[in-house]
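**Q** need coordinates for the following:
(chains A and B, ligands or ions: 1)
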Amino acid sequence: MEIRSQEFKKSAHIALHDAKLQRALGNLKAGFPGKRAAAVARLPEFDALRDQARDLKNHIIEHLDLYLEEFEKNVIAQGGTVHWCRTAEDARKTILEICRAQDAKTVTKGKSMVTEEIALNEYLEANGVTPVETDLGEYILQLRNDHPSHIVAPAIHLTLDDVAEAFHEHHKRPKSDDPAVLMQEAREMLRKQFVSADVGITGANFLIAETGSTIICTNEGNGDLTQTLPKTHIVVSSIEKVVPTLEDMTLFLRLLARSATGQEFTVYNTLSTGPRRQADRDGPENFHVVLVDNGRSDMVGTEFQEMLRCIRCSACMNHCPVYGAVGGQTYGWVYPGPMGSVLTPQMIGIENAGLLPNASTFCGKCEEVCPVRIPLPKLMRHWRDKEWEKHLTPAAARSGIGIWAFFAKRPALYRMLSWSSNLFLRLVGGKRGRIRKLPLAGGWTDFRDMPAPSGKTFMQQWQERKS
Amino acid sequence: MANPRPRVGLFVTCLADMFRPEVAFASVKLLELAGFEVEVPKRQTCCGQPAFNSGDRKDSADIARQTIEAFDGFEYVVGPSGSCIGMLHHYPELFVESDPWHQRALDLKARAFEITSFLALHLDMDKLSSSFTGKVTYHDSCSGLRELGVKKQPRELLSKLPGVQISEMEEAETCCGFGGTFCVKYPEISNRMVGNKSENIRATGADTLLGGDLGCLLNMVGKLKREGIEVKARHVVEVLADMLDSPAIGEAEQGV
Ligand code: SF4
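**A** All right, here's what the predicted structure looks like:
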């Protein structure tokens, strides 16, 4: 996927003026947060579960190698294969090789953000394998040659009309904007693909070390067909998804559904454990797990380690006022919202994504709702530290802070600075009490007035009263 | 006889100093009402948050050391801003644990309070009286709310004033879009956020907006004024201290 994170401001401008997108974002804001709040209210132990989940994730990350090896051992014991891929490139090649070994022409795909991260679709297509997205949202995006704007609801930026238009164009049927008709159309189109696909690719919400199982949580059931019908099932997963036991998995499932959509439980929770056994009525003949590192193990032991706790629930973006204003595509790469503002710089370099961790007021809402208590504002601030160290902070901002800090470290001079600014603003404000236009403060006065100081500085007045 | 009253160092905050001295005077008055002796250390400047949030840890640490020294010896450090006091609470993060400043930063953190939470702990609320009358709505500023747990305290204090009627706005806990340098780095997004906020304020029908942080208040007042919405705004301590003589934030002087 093309990286456009450094166009954040330009994209934000467009997004803010896109009436359709704003309507779609309004729906998101009206939906998910309220449902989450209601689900949380129904589960008194929710916060205690969050603490447990945080601690367990910390433990897992400390012992990531051990749990991944146990997972591999058990996948093999069940008759499957595990592939360790350090980079996105390794992962793409590995997946293509598996497809080629099966002589695959078509692969069906369940929803998976990590395959977006490694740009799998483009790669498969370029190499003669046709990927078909089977998640409804992803299917729509594929028809439109579009990318997800949200990690759980990938087509949330589209309206019903956009979907009707895309279906009409690609399915060559009369245009309908009845959701039921559209759904039926998609089913018919996809059914053929499910049956004819040679390989099915899914992601994984969790990997279970003790059994060598993987699990996907979906609300459509498409994932089940994707992984049971083709001869070969490939699970693509990032390494931090491993959990020790099935019991541990249930802790995360309880948090995931509530945090994401406010459901008590996702509709389909499908475990895959190895290929089909003799007594099984269906299932794939081959079972592969592709483990993707892609920079994650580099985060262990750094100030960004806590980000590896993320279970991709999307609560942080659903509640983020910045995401809510500009939508996911403005972030310019795969992962949007607060979690993306921490992950993206790690994966594509802070020099290509510096605007993301800066696009936050640090209001802290994301951290407040994160089920695994990731201190997202603190981690975004750490990226700003990195920018500062590497001299990537824009020159004007850097020298501005430098000059200001020079004064702030000299109380007597700082008094004079406050005194003169106060006087200046009072003169400009006159008796009106506010200023409509101020040179060099266009960012402020283009959109709002600036209240003028109500009198001399406090320090002046305090001094006068004391003497 | 020695003065038995515990000493509070007032952390004035840059914005109260420069834009709204009434807020600092009101704070002094309330702290004295609560039985404290209030001093204003001269060596204080800014809490350092602009540097901290820009990634400039060196200047942040220098400013932190200066603030720690300025407030040495006070039993409490109190300021009329959740954001600035929240920053004081971040100071320990600026020093490695083996650095003696780390301990001093922790010590400051333990003594530093946002004014409404401090008053809720130490003031006999029956002593409050104010000539204010009107319908108010309260914006919960992010840092105070999420870093310091300021939510009930200002409302509890206000509930002691018979003239105050509170009408809560929708999304009172949603960020107003100020965010320090955010509002100038991302002005259009900030504008959208404060636009949503002013709409929620308007919808309450309140005549006065109250809050505990001048940064947010200046932002919201600026937007309300620009949109011609007739809602006045004050820092909550002005109402609590009955210091209502000067015009509300951003209002013209009487008779203009
Ligand atoms: S950072 Fe937290 S809230 Fe955001 S997606 Fe990850 S787990 Fe969910």
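**Q** mind checking pLDDT for A:Phe8?
**A** Listed pLDDT for A:Phe8 reads 97.
**Q** for it, what are its contacts?
**A** Applying C-beta atoms under 8 Å, 6 or more residues apart in numbering or on different chains to A:Phe8 gives the contacts A:330-332, A:355-356, A:359. For every residue, glycine as well, the C-beta is placed using N, CA and C.
**Q** rerun that using 10 Å as the cut-off
**A** A:15, A:326, A:330-332, A:341, A:353-356, A:358-359, B:186, B:189 (C-beta atoms under 10 Å, 6 or more residues apart in numbering or on different chains).
**Q** farthest pair within the residues you listed?
**A** Based on C-beta to C-beta, the longest span within those runs between A:Ala15 and A:Gly354 and measures 19.1 Å.
**Q** tell me, which of the contacts of A:Phe8 make contact with the ligand?
**A** Among the contacts of A:Phe8, not one lies near the ligand by C-beta under 6 Å from any ligand atom.
**Q** out of those, which one sits closest to B:Lys223?
**A** B:Ile189 (13.5 Å).
**Q** leaving out sequence neighbours, find the closest residue to the residue of chain B at minimum distance from chain A.
**A** Distances between chain B and chain A by C-beta to the nearest C-beta are smallest at B:Gly179, namely 2.7 Å. Among residues not flanking B:Gly179 along the chain, A:Thr361 sits closest, at 2.7 Å (C-beta to C-beta, 6 or more residues apart in numbering or on different chains).
**Q** how does chain B divide into domains?
**A** Following automatic domain parsing, chain B resolves into domains at B:7-120, B:127-240.
**Q** scan the helices and strands of chain B for the one with the lowest mean pLDDT.
**A** The helix or strand of chain B with the poorest confidence is helix B:182-185; it has a mean of 93 (mean pLDDT, DSSP states H and E).
**Q** what bridges to B:Glu39?
**A** Note on B:Glu39: beta-bridge partners by DSSP bridges are B:Gly9.
**Q** so where do the strands sit in the stretch 201-350 of chain A?
**A** Under the criterion DSSP state E, counting those that start in this stretch, strands of the stretch 201-350 of chain A are mapped to A:206-208, A:213-218, A:232-238, A:242-243, A:268-272, A:286-292.
**Q** and of these, who's closest to A:Val163?
**A** Taking C-beta to C-beta, strand A:213-218 is the member of these nearest to A:Val163, at 18.8 Å.
**Q** mind checking how far A:Thr94 is from chain B?
**A** Distance, A:Thr94 to chain B, by C-beta to the nearest C-beta, to the nearest Å: 38 Å.
**Q** which residue sits closest to that residue in space, ignoring its chain neighbours?
**A** With sequence-adjacent residues excluded and distances taken as C-beta to C-beta, 6+ apart, A:Thr94 is closest to A:His83, at 4.7 Å.
**Q** double-check that the one you found belongs to a helix.
**A** No. The assignment for A:His83, made by DSSP: H, G, I helix; E, B strand; the rest coil, is strand rather than a helix.
**Q** I'd like the average pLDDT over the helix or strand harbouring A:Gln463.
**A** Using DSSP states H and E, A:Gln463 sits within helix A:458-466. Average pLDDT, helix A:458-466: 93.
**Q** buried sites along that helix?
**A** Using 16 or more other C-beta atoms under 10 Å in any protein chain shown as the test for burial, helix A:458-466 gives A:458-462.
**Q** from those residues, which is closest to chain B?
**A** Out of the buried residues of helix A:458-466, the member with the shortest distance to chain B (by C-beta to the nearest C-beta) is A:Phe458, at 3.8 Å.
**Q** who touches A:Leu225 in this structure?
**A** A:108, A:110, A:134, A:190-191, A:193-195, A:197, A:200.
**Q** follow-up on the earlier one: near chain B, which of the buried residues of helix A:458-466 show up?
**A** By C-beta under 10 Å from any C-beta of the partner chain, the members of the buried residues of helix A:458-466 lying near chain B are A:458-462.
**Q** only alpha carbons, please: show the helix or strand hosting A:Gly137 as PDB.
**A** Per DSSP H and E: A:Gly137 is located in helix A:136-144. What follows is helix A:136-144 as a C-alpha-only set of coordinates in PDB (Å, rounded to 0.1, in the frame of the first residue of the first chain):
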ATOM      1  CA  LEU A 136     -18.400  -8.100   3.100                       C
ATOM      2  CA  GLY A 137     -16.600  -4.900   3.900                       C
ATOM      3  CA  GLU A 138     -13.300  -6.100   2.400                       C
ATOM      4  CA  TYR A 139     -15.200  -7.400  -0.600                       C
ATOM      5  CA  ILE A 140     -16.700  -3.900  -1.200                       C
ATOM      6  CA  LEU A 141     -13.300  -2.300  -0.800                       C
ATOM      7  CA  GLN A 142     -11.700  -4.800  -3.300                       C
ATOM      8  CA  LEU A 143     -14.300  -3.900  -5.900                       C
ATOM      9  CA  ARG A 144     -13.600  -0.200  -5.400                       C
END
